[in-house]
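**Q** Here is my input, please return the structure:
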Amino acid sequence: MLVKYLPPGMVKDLVDSFFVIQTTASQQNLLEDLIIPDGTHGILFVEQGQIMRTELNKEAPSACLNKTYIFGQKSGPVTYRFEPAPLLAYGAKLKPCALKSCFDLPAMELTDRLVAADMLLSTQQQLECEKIYGTASITQKILSLAGFLQQAARTTSRQKALGEAILHHIHLHQGQISIQEICCFFKLNYKYLERLFKQEVGLNPKMYCRIIRFNASILHYQKTSTPLTDLAYTAGYFDQMHFIKEVKRFTGLSPRQFFPTTIQPIASEQVQGIKNRLAD
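**A** Down below sits the predicted model:
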């Protein structure tokens, strides 16, 4: 069972959403979630049980998760398998420019990576994480995590503010905007824009636009049930082959597998998160 919580006001500028994953021993079937790139990164606490994480576009073996981790931006699909046993995991999906603000890490260093928190956090931050494990209820854990992130966040920098403004501009265009147009609108040269994105976002600007364009295509399909042949052009792809390659790049599936007529292979919470993000 996956539950999402909108962030309280004190961390609304940092947190996209909080999440809780719980399974019980009575659940007989192995549960699996397909997670697609959506422009967020974050922190994960596995308090009880284990989670198997697999990156679908890589040949690396699956990783067994059983403690605290910080994860970066994703440029490809990931699956999480939850064993049919008592499991409790929770965490926060951070907004695109929040990773560096909270943990003082160049965002690009964690792109397509999930790293044990004790490799990245200070001793004091690790102690604060242990306190979160010690809280009694889910509500207390989420509030404690919110307080931890608020305390960890540094003063908003000019670079972060500029990055957020550019991201908002990309969202308004649903990713259908060229890098040249972004540079012209914000009066920036490309090298500075790319350096800013690597530091603050963790993806180059072109990849971020590709992810947002694909995310927007999901919302458009859900809203209109547009035939896939038309969806490619509506979402701003050059042709059908370009659309097929992008869908496979971000999901590991063909368009007909990913955009079915019945149940979509990603959780409704993911779709709602994309909708909230692009509506900002």
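
**Q** can we go C-alpha only for contacts and neighbour counts from here?
**A** OK.

**Q** wait, what's in contact with residue 121?
**A** By C-alpha atoms under 8 Å, 6 or more residues apart in numbering, residue 121 lies in contact with residue 103.

**Q** Assign it to one of the three secondary structure states.
**A** coil (DSSP: H, G, I helix; E, B strand; the rest coil).

**Q** Quick check: residue 46 is in a strand.
**A** Yes. Counting by three-state DSSP, residue 46 is located in a strand.

**Q** Determine the number of other residues adjacent to residue 136.
**A** Neighbourhood size, residue 136 [other C-alpha atoms under 10 Å]: 9.

**Q** quick one, phi/psi of it?
**A** In terms of degrees, to the nearest 10, the main-chain angles of residue 136 are phi -80, psi -50.

**Q** what does residue 273 give?
**A** According to degrees, to the nearest 10, residue 273 has phi -60, psi -40.

**Q** Could you report the distance from it to residue 222?
**A** In this view, residue 273 and residue 222 are 14 Å apart by C-alpha to C-alpha, to the nearest Å.

**Q** same deal with residue 149?
**A** 34 Å.

**Q** Look at the two and report which has more neighbours.
**A** Neighbours were counted for residue 149 and for residue 222 using other C-alpha under 10 Å; residue 149 has more, 24 against 14.

**Q** so which strand or helix has that one?
**A** Residue 149 belongs to helix 138-152 when assigned by DSSP states H and E.

**Q** average pLDDT across that helix?
**A** In this model, helix 138-152 carries a mean pLDDT of 93.

**Q** residues in contact with that helix?
**A** 7-8, 10-11, 14, 18, 20, 91, 101-103, 128-129, 132-133, 135.

**Q** Stretch 102-121 spans what distance, first to last residue?
**A** First residue to last in stretch 102-121 (C-alpha to C-alpha) measures 10 Å.

**Q** Just the buried residues of that stretch, please?
**A** By neighbour count on 16 or more other C-alpha atoms under 10 Å, the buried set for stretch 102-121 is 102-108, 110-112, 114, 116-118, 121.

**Q** and what of stretch 192-202?
**A** For stretch 192-202, by 16+ other C-alpha under 10 Å, it's 193-202.

**Q** And that stretch, how far out from the chain middle?
**A** 17 Å (C-alpha atoms, centre = their mean, to the nearest Å).

**Q** And stretch 182-192, by the same measure?
**A** On C-alpha atoms, centre = their mean, the centre of stretch 182-192 falls 25 Å from the chain's centre.

**Q** what's in contact with that stretch?
**A** Here stretch 182-192 has contacts from 166, 179-180, 193, using C-alpha under 8 Å, 6+ apart.

**Q** Next secondary structure after the longest helix seen in the chain?
**A** Determined from DSSP state H, the single longest helix within the chain is helix 205-224. Next in sequence after helix 205-224, counting helices and strands by DSSP H and E, comes helix 228-234.
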